[in-house]
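1. the sequence and its predicted three-dimensional model are supplied below.
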Amino acid sequence: MSDYGTPPPPPPPPPGGFQQPGYGQAPTGAPLAVWIQRVGAYLLDYVLIVPFSILQVVFSPKTVTTNVNGVVNTTQSGGNLSIAFLMAGLGLAVWFFNRCYLGGQGQSFGKKVLGLTLIGERTGQPIGMGRAFLRDLAHFVDAIICYVGYLFPLWDQKRQTLADKIMTTVVTSKA
């Protein structure tokens with residue numbers, strides 16, 4: 001009788017067995033950054049802006065309205081609007097330099113301190129200033145779903161946020 005309808009046996013495995021991509025490895029072979037490292041780098045990035053934000057609030061003019069026995073009084077504090085605008089501008093400049101320029105080099109201030117590097121998933125190279133800026137804008141997607149997108153690295157095989165998936169980037173660690 002013939003073996004009509006019987007499937008052929010499977011091909012033998014390649015020498016060395018089947019290889020799966022390693023969990024926690026970037027295409028370059030560097031280990032991927034864990035979630036808490038990424039959070040730490042993000043917080044360090046924004047620590048640079050805090051002094052400018054505090055000074056902006058301190059120097060902003062304030063309007064105070066009080067109601068005493070039915071009499072409403074409105075007073076305006078002196079403040080210094082030009083210094084408040086200067087602090088806002090300096091804070092924005094520091095953010096832009098750190099997140100876009102340095103981020104385009106692969107390491108913002110926080111990433112550099114913690115030994116992390118942002119690279120393209122396919123190329124293994126820093127993504128450049130324009131893509132780093134677009135990646136920061138893509139973090140909006142992480143935020144609009146109740147910030148769950150920022151938690152994706154906890155369970156994702158490539159430890160990517162949604163913004164990383166959109167921009168095809170990964171964050172690697174030196175250790």
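-> Great, that's in hand. Residues are numbered from 1 along each chain as shown.
2. quick one: strands adjacent to the lowest-mean-pLDDT helix or strand in the chain?
-> Least confident helix or strand, the chain: strand 71-76 with a mean of 74, by mean pLDDT, DSSP states H and E. Using DSSP bridges, strand 71-76 pairs in its sheet with strand 63-68 (antiparallel).
3. what comes up buried for the partner strand?
-> Using 16 or more other C-beta atoms under 10 Å as the test for burial, strand 63-68 gives no buried residues. All C-beta spots, glycine's among them, are computed from the backbone N, C-alpha and C.
4. can you tell me what sits against it?
-> 72, 73, 74, 75, 76, 77 (C-beta atoms under 8 Å, 6 or more residues apart in numbering).
5. which among those residues count as buried?
-> Of the contacts of strand 63-68, not one counts as buried by 16+ other C-beta under 10 Å.
6. is residue 135 in contact with residue 168, as I believe?
-> No. Between residue 135 and residue 168 there is no contact under C-beta atoms under 8 Å: 9.8 Å.
7. quick one, which of the two is more surrounded?
-> residue 135 (22 against 15; other C-beta atoms under 10 Å).
8. what residues of the host helix or strand of the more buried one count as buried?
-> Residue 135 belongs to helix 129-144 when assigned by DSSP states H and E. Going by neighbour count (16+ other C-beta under 10 Å), the buried part of helix 129-144 is 129, 131, 132, 133, 135, 136, 138, 139, 142.
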